[in-house]
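Trainee: Predicted structure and sequence below. I'll ask about it afterward.
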Amino acid sequence: MDGARTRGQAVAIRAVAAMIRGPIPHAILLVGPDGVGKTTLALDLAAGLLCAADPTQRPCRACRACRLVDSGGHPDLHRLGPVGPGRQVVIGGPDAKFRGIRDLVGELALMPAEGGARVAIIEGADRMNEDAQSALLKTLEEPPAGVTIVLCADAEARLLPTVRSRCFRVRLGLVGARDIEAIVADHGLADPPTAARLGRLAGGRPGLALAYARAPDAVLIRAELTRVLLDLTDARPSARLAAARAAVPRAMALSMALAAADPAAPPARATRRRGSTSQAQSVPPTDVAEEDVPDLPDEGVPARSVPASDRRRAVEVLLGLWTDVARDLVLVGSGGSRSVHDTVLLDELMAIATTLEPGAATAFLERSARAIELLAANVSPELILDALVLAWPRRRAAA
């Protein structure tokens with residue numbers, strides 16, 4: 001599949017190439033960590049199915065259909081992703097605030113605009129609530145002729161067993177730093193040294209590297225937050241709690257910067273339903289009930305001006321960064337210093353790792369993994385943050 005944009009996923013690319021040649025499953029589940037290229041691979045598949053070239057040369061990336069897929073304007077490519085304050089794939093419908101599953105199902109029931117195949121891509125499919133998944137089931141079981149539905153999910157366990165069982169599964173893994181470096185270079189977003197550094201910072205996720213390349217301020221915020229987390233190994237409990245709460249607004253800024261630079265985001269255009277005057281609406285994330293907004297602790301941010309969903313997302317970003325730092329401490333402690341995310345911090349990581357109790361960083365990694373699960377289950381982000389900050393290893397010299 002010479003026209004594939006996906007890099008570093010050889011097994012998955014071969015599977016998609018075989019689907020393009022046929023026969024094609026009616027429902028496909030692409031599973032892998034956030035940012036590893038699921039949406040890119042889904043678009044490669046869509047381009048291959050909609051391409052006008054010989055089947056053995058699809059996607060050609062030169063025909064009108066391929067160009068429309070690349071620009072986000074192909075009328076037979078339907079994309080749906082998380083929306084609104086809760087970042088969910090919603091059920092939707094005629095009276096709903098956001099476009100959702102019911103709207104997608106209605107679009108797929110219509111005849112194709114180009115007379116050929118049709119492809120639906122649901123990004124963040126594991127963010128469908130149970131009602132939305134149930135609304136999709138019948139279409140997964142009996143899709144309209146010529147329709148292929150692609151679900152992209154970070155964690156397939158969040159999908160109903162009845163949804164998973166109806167899909168052909170393709171797994172994607174983390175991408176090597178060299179491949180990520182090449183992807184960033186191919187996009188012309190950074191010089192070779194910067195591309196190499198972003199390849200390491202991204203931790204196997206090319207989508208994150210591209211977002212960092214498009215938002216240099218995000219790299220600076222990441223470094224700032226990493227410094228805060230490393231400094232916490234010397235802090236007492238009360239200082240830790242205060243510093244962690246103070247870091248949340250910066251994590252929120254990092255989240256917003258990365259979201260704005262996300263290269264895999266669906267095209268920012270209104271989607272008008274055929275035969276209808278209604279449109280998919282874009283509603284500011286602050287449009288939520290005031291009682292759902294928790295207090296923000298500090299740094300001059302108005303206490304009730306930020307939605308609970310943004311607070312949750314900020315803690316999610318902070319947990320991901322925290323996991324990276326803990327992993328680097330484990331690697332340095334076990335002699336794997338060449339694999340750390342940011343070699344600029346290598347000396348400090350080594351100094352801290354030698355003063356931690358044996359196994360402390362590994363134990364924290366296990367707790368952080370559990371915390372990410374709890375956050376996805378809607379446990380209070382404040383409680384999760386407080387518990388983790390007190391469990392963060394402390395240097396023996398400071399104990």
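Mentor: Yes, it's here. Numbering: from 1, shown residues only.
Trainee: where exactly do the helices run in the stretch 1-150 of the chain?
Mentor: Assigned by DSSP state H, counting those that start in this stretch, the helices in the stretch 1-150 of the chain fall at 10-21, 38-50, 64-71, 101-108, 130-141.
Trainee: Any chance of those helices in JSON lines with mean neighbour count as columns?
Mentor: Backbone N, C-alpha and C define where each C-beta goes, glycine included. Formatted as JSON lines, those follow (neighbours: other CB atoms under 10 Å):
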{"stretch": "helix 10-21", "mean neighbour count": "17"}
{"stretch": "helix 38-50", "mean neighbour count": "26"}
{"stretch": "helix 64-71", "mean neighbour count": "17"}
{"stretch": "helix 101-108", "mean neighbour count": "20"}
{"stretch": "helix 130-141", "mean neighbour count": "17"}
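Trainee: So for residue 159, which of these sits nearest?
Mentor: helix 130-141 (6.6 Å; CB to CB).
Trainee: what angle sits between that closest one and helix 101-108?
Mentor: 20 degrees (axes from the mean of the first three to the mean of the last three CA atoms, to 10 degrees).
Trainee: Give me the contact list for helix 130-141.
Mentor: The contact list for helix 130-141 (CB atoms under 8 Å, 6 or more residues apart in numbering) reads 26-27, 88-92, 100-102, 105, 108, 122, 128, 149, 159-160, 162-163, 166-167.
Trainee: right, and the helices of the stretch 1-150 of the chain - which one's nearest residue 248?
Mentor: With CB to CB, the closest approach to residue 248 among those belongs to helix 38-50: 28.0 Å.
Trainee: Show the average pLDDT along the closest one.
Mentor: Averaged over helix 38-50, pLDDT sits at 96.
Trainee: elements contacting that helix?
Mentor: helix 10-21, strand 27-31, helix 64-71, strand 118-122, strand 147-153 (3 or more CB pairs under 8 Å, 6 or more residues apart in numbering; DSSP states H and E).
Trainee: In CSV, list those along with distance to residue 53 and mean pLDDT.
Mentor: Listed next are the helices and strands packed on helix 38-50 as CSV, based on distance: least, CB to CB, whole Å; pLDDT from 0 to 100:
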stretch, distance to residue 53, mean pLDDT
helix 10-21, 11, 94
strand 27-31, 21, 97
helix 64-71, 8, 94
strand 118-122, 16, 97
strand 147-153, 18, 97
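Trainee: Would you mind giving those as TSV with distance to residue 311 added?
Mentor: Compiled in TSV, these are given as follows (distance: least, CB to CB, whole Å):
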stretch	distance to residue 311
helix 10-21	35
strand 27-31	28
helix 64-71	35
strand 118-122	26
strand 147-153	24
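Trainee: what's the closest of those to residue 379?
Mentor: strand 147-153 (21.0 Å).
Trainee: Just send the helices of the stretch 1-150 of the chain back as TSV, with distance to residue 195 too.
Mentor: Below are the helices of the stretch 1-150 of the chain laid out as TSV (distance: least, CB to CB, whole Å):
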stretch	distance to residue 195
helix 10-21	21
helix 38-50	17
helix 64-71	22
helix 101-108	36
helix 130-141	38
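Trainee: Can you tell me which of those helices is nearest to residue 325?
Mentor: helix 38-50 (25.6 Å).
Trainee: Out of the helices of the stretch 1-150 of the chain, the one nearest residue 4 is which?
Mentor: Among these, helix 38-50 sits nearest to residue 4 (CB to CB), with 4.6 Å.
Trainee: thinking again about what came up before, of all the helices of the stretch 1-150 of the chain, which one is nearest residue 328?
Mentor: Nearest to residue 328, of all those, is helix 38-50, at 25.6 Å by CB to CB.
Trainee: For residue 397, report the pLDDT, please.
Mentor: Reported pLDDT for residue 397: 59.
Trainee: likewise residue 301?
Mentor: At residue 301, pLDDT is 45.
Trainee: How about the secondary structure of residue 209?
Mentor: At residue 209, secondary structure determined by DSSP: H, G, I helix; E, B strand; the rest coil is helix.
Trainee: Apart from its neighbours in sequence, what residue is nearest it?
Mentor: residue 202 (3.7 Å; CB to CB, 6 or more residues apart in numbering).
Trainee: Could I get the contacting residues of the one you found?
Mentor: 35, 177, 180, 208, 209, 212.
Trainee: one more time with 7 Å, if that's ok
Mentor: 180, 208, 209, 212 (CB atoms under 7 Å, 6 or more residues apart in numbering).
Trainee: could you check the distance from it over to residue 225?
Mentor: Per CB to CB, to the nearest Å, residue 202 is found 16 Å from residue 225.
Trainee: ok, residue 350 touching residue 332?
Mentor: Yes - look at residue 350 against residue 332 with CB atoms under 7 Å: they come within range, at 5.2 Å.
Trainee: When these two are compared, which one has more neighbours?
Mentor: For residue 350 and residue 332, the more surrounded residue by other CB atoms under 10 Å is residue 332, and the numbers stand at 24 against 14.
Trainee: Need the pLDDT of the nearest residue to residue 52 once chain neighbours are set aside.
Mentor: Distances taken as CB to CB, 6+ apart put residue 63 closest to residue 52, at 4.3 Å, once the chain neighbours are dropped. You'll see residue 63 listed with a pLDDT of 94.
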